[in-house]
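1. Kindly generate the corresponding structure for this input.
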Amino acid sequence: MRDYPGVAEQYCRDVLVGAVVAGKWTRLACRRHLQDLARSGDDAFRYTFSTWHASDVCDFIQKLPHVEGKWASPTITLEPWQIWLLVCVFGWRRKSDGGRRFEQSYVEVARKNAKSALTSGVSLYCLTCDGEVGPQIKTAATTGGQARIVFDVASKMARGTPDLREAFGLEVMANSVVCHQNNGSIQPINAKSSTQDGLNPHLTVIDELHAHKDRSLFDVLAVCHWRSEKSADVDDYDRGLLHDRRLLRAAGLSVQGLRGCGRR
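-> Below you'll find the model as predicted:
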């Protein structure tokens, strides 16, 4: 198995020395990752880094098949930036209860960088391996067709991995991927926020965030996550991978935690 935390660390170092071109927030997030690794053993620091959690999600996704296009290998090979993203989101844990430190993730990259494949892999992981009972995974976008993109890729991945279907009792249907082992499912939803109040999602993927006319759907889904945490008394939810181009503040995502990372 690849040394995924090591790959993530090297990616951060490459970004910080300019070997990999990256924007301001990525550079600050890389600096934060390295700084926090250095102080994770401090009793006063609230977070710890779990090598197992960081590696497990990466290893899971690399066992999934490519389902579109022509590739050198039949299964996914994660790029260093993808490994860094997954390692950060899944590896950092709260010392108080073991829950994930980061509950929201915003991903903004150029077209044809396999966003749908990556988030489809995350969706399948959260459906099967996240230790949740009855995990509800929702894929959302401005239209039903757009919301189905991630769902359809996840469905094809599940169909193309018999061992995964057998191990977790997955059943792939037209509008749902059901996990009979834990009673969870992946389903696409429409963009009408007024119809989503009753949801109880474990993970939400919001695609093409820049195309949403307002933040009403984001707000409703965020409230749904809050309700889920409140009723289940569990805080290990990933609140969603938000991709494409709407500025962080438009989604209510804070970058305040990164601002201090520019100081040595």
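2. Could I get the average pLDDT for the one helix or strand Ala117 maps to?
-> Assigned by DSSP states H and E, Ala117 belongs to helix 115-128. Regarding helix 115-128, the rounded mean pLDDT is 93.
3. Report the mean confidence score over whichever helix or strand comes after that helix.
-> Downstream of helix 115-128, the first helix or strand assigned by DSSP H and E is strand 136-140. Throughout strand 136-140, pLDDT has a mean value of 87.
4. Can you pull out the residues in contact with the helix or strand just after strand 136-140?
-> As assigned by DSSP H and E, the chain's next helix or strand after strand 136-140 is helix 144-159. Contacts to helix 144-159, defined as C-beta atoms under 8 Å, 6 or more residues apart in numbering, come from residues 64-65, 67-68, 116-117, 119-121, 123-124, 139-141, 164-165, 170, 172, 177, 186-191, 205, 207-208, 211. Backbone N, C-alpha and C define where each C-beta goes, glycine included.
5. Give the ChimeraX command for selecting the buried subset of these.
-> Remark: buried members of those, expressed as a ChimeraX selection using 16 or more other C-beta atoms under 10 Å:
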select :64,65,67,116,117,119,120,121,123,124,139,140,141,164,165,170,177,186,187,188,189,191,205,207,208
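6. returning to what we had before: the inter-axis angle of the helix holding Ala117 versus strand 136-140?
-> 160 degrees (axes from the mean of the first three to the mean of the last three C-alpha atoms, to 10 degrees).
7. what are the ranges of the helices in the protein?
-> 4-16, 24-39, 51-62, 80-91, 115-128, 144-159, 162-168, 216-232, 256-259 (DSSP state H).
8. Would you mind listing the buried residues in the third one?
-> Right, helix 51-62. 53-58, 60-62.
9. tilt between that helix and helix 115-128?
-> Going by the same axes, to 10 degrees, helix 51-62 makes 120 degrees with helix 115-128.
10. quick one: helix 51-62 to chain centroid distance?
-> Distance, stretch centre to chain centre, for helix 51-62: 12 Å (C-alpha atoms, centre = their mean, to the nearest Å).
11. same check, this time on the fourth one
-> Once both centres are worked out by C-alpha atoms, centre = their mean, helix 80-91 turns out to sit 9 Å from its chain's centre.
12. okay, and the helix or strand of the chain with the least pLDDT?
-> The weakest-scoring helix or strand in the chain, judged by mean pLDDT, DSSP states H and E, is strand 241-243 (a mean of 41).
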